[in-house]
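1. 3D model of this:
(3 chains)
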Amino acid sequence: MRTLVSPLSLRTPSGRIIYWTTLVVVVIGFTGAFVFPLYWMVTGALKSPDEIAQIPPSFFPKHFDLGVYKDAWEQLQLGIFLKNTVLYAGGAWLFTLAVDVTAAYALSKLRPFFGKLILGAMLATLMIPPMVLLLPTYLVAKDLPIFHASLLNTPWAIWLPAAANGFFVFLLKRFFDSIPRELLEAAEIDGASPLRILSSIVLPVSRPILGVVSILSVVTVWKDFVWPLLVLPETDKMSISVGIASLSAQMPQNVLIASLVIASLPTILVFFVFQRSIMAGLTAGSLKG
Amino acid sequence: MAATRTLARRPRSAGSAGGGGAGTRGGPVEEDRDQTGALRRAVGRNLTAYGFLCGALICFALFSWYPMIREVILSFQQNNFVDPGQWVGFDNFRTVVEDPAFRSAWLNTAAFSCLALVIGYAVPFVLAVVLNELRHAKAYLRFVVYLPVMLPPAVAVLLFKWFYDPGAGLFNQVLDAFHLPPLSWLDSTSTALVSLVLVSTWMNLGTGTLIYLAALQSVPGDLYESAELDGAGLFRRVWHVTIPQTKLILLVMLLLQIVATMQVFIEPYLLTGGGPENATVTVAYLMYQYAFNFGDFGGGSALGLMLMIALLVFSTVYLRVSREAEQ
Amino acid sequence: MRTTRRGLSLVLVVGLGLVAASCGSGEEKKPAAEGSADGPVTITVGCQPPKSNPKERTAWDADVAAFQKQHPNITVQSKDAFPCINPDTFQAKLAGGTQEDVFYVYYSDVQKIMKAKQAADISQYVGNVKAAKDLRPDVMGVFKDGDKTYGLPRNNYTMGLVYNRKLFTQAGLNPDSPPKTWSEVQEAAKKIAALGAGYVGYGEYSAGNTGGWHFAASLYARGGSMVSDDGKTAAFNSPEGKAVLENLKKMRWDDNSMGSKQLLQWEDVMRMMGSGKLGMMIGAPDVVQSVNNDFQGKFEDYGVTAVPESEGKASLSGGDGYMFNPKATPEKMKAGLLWLEFHELTPGQGQFNYARSKEQGRPVGLPIPDLYGDTAPGQEIVALRKQYATVPVDHFAPYVAEQSNITNKLEPPKAQELYAVLDVAMSAVLTRKDADIDKLLRDAESKANKILAKNT
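-> Okay, the predicted model is just below:
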């Protein structure tokens, strides 16, 4: 598709030089700015604590000690934490999609009364720093009104609040708004129920935004710290960010860094694997203004 | 786009796509029937809509709205969480406003937001524009730009603490290599806030870049062609085509960025502890101090409420102005 | 805040819910019945060592088993949340009722908690704790508000000067004769910093309220006070307060012996100590323990002496202990006190089981906690330490020698808020060469007076 720079100008010699220079600069710049920390993390874990504290730091560890990763795994019980976090993030992802997509669809296409009010109320939740809501939300998780159950130390304490995300509802609604009415009305005429319309028409077209929301929701839950600290205090149920942080004061620096590397890998992997579909979707879809 | 085109080719969409179905037949009796039919349909549609909204309404009610209400209540109480809370009217607000750190917290927060706009708002957009033009290494670059977002904040903190070390940190060493004088980064009242903005930008620009990339995909190519034919250079094309086409998402992201940066907490908490000399105390950091270090949850809630109201007012004004500007 | 009707029905439902959901903890269902203390009781106790500290954890579990055998009607449920007290979660746990029955606190939290009535008054029951009468009065004083007692101590230490013996030797100083005056400290710091880039002679905090905390510690060691005796006005704008800041200013800017990185907090300085590049810092012997535990420093490399020029003066008391959930029943309080006595306060047992620690290869011989001073239990503990010592005890000798001359001084009221105010002064002096110390102290004083005048 034609973009800012015309394909023609790229074929001229000067165009080509500029293009390739820009490309190289960008690749090097990005690698330096964004990949370097990963490199530093991975090698930092391989250094001894003395070497890490060294100033100026060394670029290459003096001795390779891959055992530190094994140490981190065992001492910090990373296996359990990872398993827990996969459960929490996975469930949160499903719930977020289920709850927020249906809500956005309703607000965008079905347009009930008070729709604007509801959307406004959802967006208002973004205006208040989450930290202050921590305690009242905790009280709710501890003792659900009406149902009177405690969600503490259960995955529900992560899944349900994760779904209450105004930003995602907003993004999804924006996207759904831009789906042409005609498409849906065609299906309506054919007698499709709203649910059918959602699943067979809206969702397939929305892959890009679904991809973005998916990765954002997984990453948010993965990185979240204070909330899981509160609602999952049992060490066996802890999420990985809490587990590492709570044990970090006891750990030598290099083991800590190794555990951070291990903790980052799953999100990176997920992104890597899904990048194709997310990004491919992004190029075909429309988040048009 | 491919999907829409396929669907549009279905023959049946031709005539009956107009209107909502009924109402094309006319006649008084039928109109009545149509009206009750329309009413029934509206009710039915509303019921379905609320059915779909069920899950969200429950989740939001339990975990967002109800806590917000409780928080408002807490800001008017002194609570030790053992005995029932005591109503103190506006005392908490008074306490917080009279705190000498109150004024600097708001100033610092506003400064942070502004700096973050200057440094961090344009960057993701520019990156997205550049990335959109490149034909090679796209997957790699997209992955890499999002990397900082995926890393645990603890990594970013450790990393930047080292970068910013005035003695042997990477940045000062680089400056040294270029024979430039070293900066005190986090340790000086004049540079601390900017240093934090850099960290915050680095950690978050991936999200913005990806969202803008998606938006850029939908700018029709012919607009660029015609602009070029009219003799517009690169920058003019960006100004007259790219930006107007993505205006809405740009405006929304601007608002969201302001709202988010006004709540900045993690960077001052982890990197500077509010210093030096309270130069990096933000409203959210002060809130944390009150609620958790000083044991004054009422004060913390009062601050939170003030911040929320400020942001709500700002957002309403912003949305109204941008809507007017559009018309 | 709720209407009575809604409140009542809520209580009813919650009550039913609790009964229905009680997970077989063997808890007494009769609320607060003054029945015999021999009925079955379960208490939750916090700060069990985490699994990543296997030796401490085994020791703790063994103690729990032994205790339960001795008191068959008491069940101890250990909670191993780490860190043991976290400001982010403390309030929430209290509000949600998930706070342990016997919960861990730092000294610096105690006043705040007592004022907010977030701990139970155990005055009636603490008389049964035999060991309590031998505790140092200033240590017990930490947990008292007037005549009422709210908790018991576990750890107690006074500040000293921690120094790296290896660096001293390297710099040509005598590790067995550490600095006794501040000018000697300045000299030593200069020599250590001269060892090369990255070597810091003297390290000090200046962020996250820790700067103010150490300001208070240094102030007390010079004989100054943070607040007036009635607690209503600030008293740190004094010659002693000025001396603290002047000393730092000199070392930072004239001698350049404090390194260029400031705004340091606990972990930063610990890391520096552990990496062997930091010469001296104010701290208690628990610093050495942390450095060994978490940063792989070796005991042989460190020594502790008294804060220079502090004899006859005071020291900011630091330590930790346990308090009781305000909702705890009398049975729980009694049971909790029995546990605390068993585990924290008895020579030869629990935390003082040095024989076992030695067997496990854990360090024995640090002069802390110092709960008993010179009383009989105190002497017993000192003897046990000597008997089973595994660390070079004489490295701590200069510190111990001074302890009898120094009084424990409590933290000021509204400690955290005052520390936040003084962080400004500390960070100014350490990051700005032209910092005006008089002005800084004046500003801090007026802010502190406002804080102390608030009656919340």
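2. quick one: contacts for B:Asp176?
-> B:Pro182 (Cβ atoms under 8 Å, 6 or more residues apart in numbering or on different chains). Heads up, the C-betas are built off the backbone N, CA and C, glycines and all.
3. what helix or strand is it on?
-> Assigned by DSSP states H and E, B:Asp176 belongs to helix B:170-177.
4. give the buried residues for that helix.
-> By neighbour count with 16 or more other Cβ atoms under 10 Å in any protein chain shown, helix B:170-177 contains the buried residues B:170-173.
5. quick check: angle from the helix or strand following it to helix B:170-177?
-> Per DSSP H and E, the first helix or strand lying C-terminal to helix B:170-177 is helix B:192-216. Computed by axes from the mean of the first three to the mean of the last three Cα atoms, to 10 degrees, the angle separating helix B:192-216 from helix B:170-177 equals 100 degrees.
6. export the helix or strand containing A:Gly15 to CSV, keeping only CA atoms.
-> Using DSSP H and E, A:Gly15 falls within helix A:13-30. Taking Å, rounded to 0.1, in the frame of the first residue of the first chain, the C-alpha atoms of helix A:13-30 are listed here in CSV:
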residue,chain,number,x,y,z
PRO,A,13,19.9,6.4,-6.2
SER,A,14,19.6,9.2,-3.6
GLY,A,15,16.3,7.7,-2.4
ARG,A,16,18.0,4.4,-2.0
ILE,A,17,20.9,5.8,0.0
ILE,A,18,18.6,7.7,2.3
TYR,A,19,16.4,4.6,2.8
TRP,A,20,19.2,2.3,3.6
THR,A,21,20.9,4.8,5.9
THR,A,22,17.7,5.3,7.7
LEU,A,23,17.1,1.6,8.0
VAL,A,24,20.5,0.9,9.4
VAL,A,25,20.3,3.8,11.8
VAL,A,26,16.9,2.7,13.0
VAL,A,27,17.9,-0.9,13.4
ILE,A,28,21.1,0.0,15.3
GLY,A,29,19.4,2.7,17.4
PHE,A,30,16.5,0.4,18.3
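7. just give me the residue right at the centre of chain C.
-> What sits nearest the mean C-alpha location of chain C, by Cα atoms, centre = their mean, is C:Gly319, with 2.6 Å.
8. which SS class is it?
-> The three-state label given to C:Gly319 by DSSP: H, G, I helix; E, B strand; the rest coil is strand.
9. give the contact list for it.
-> Per Cβ under 8 Å, 6+ apart, neighbours of C:Gly319: C:106-107, C:139, C:142, C:153-157, C:369.
10. mark which of those residues are buried, thanks.
-> Buried among the contacts of C:Gly319 by 16+ other Cβ under 10 Å: C:107, C:139, C:142, C:153-157, C:369.
11. the residues you listed in helices, which ones?
-> Using DSSP state H, the subset of the buried ones among the contacts of C:Gly319 located in helices is C:107, C:139, C:142.
12. do I have it right that the first one meets C:Ala415?
-> Read that as C:Tyr107. No: the pair C:Tyr107 / C:Ala415 is not scored as a contact, 9.3 Å apart, by Cβ atoms under 8 Å.
13. by mean pLDDT, which helix or strand of the chain comes out lowest?
-> You didn't say which chain, so I picked chain A. Taking mean pLDDT, DSSP states H and E as the measure, chain A has helix A:49-53 as its least confident helix or strand, at a mean of 60.
14. any idea how far the very next helix or strand once past it is from the middle of the chain?
-> Next along the chain after helix A:49-53, taking DSSP H and E as the criterion, comes helix A:67-75. When distances are taken as Cα atoms, centre = their mean, to the nearest Å, helix A:67-75 is centred 26 Å away from the chain's centroid.
15. ok, stretch B:240-247 next?
-> Distance, centroid of stretch B:240-247 to centroid of chain: 20 Å (Cα atoms, centre = their mean).
16. show the average pLDDT along that stretch.
-> Taken as a whole, stretch B:240-247 has a mean pLDDT of 84.
17. buried sites along that stretch?
-> For stretch B:240-247, using 16+ other Cβ under 10 Å, the buried residues are B:241-242, B:245-246.
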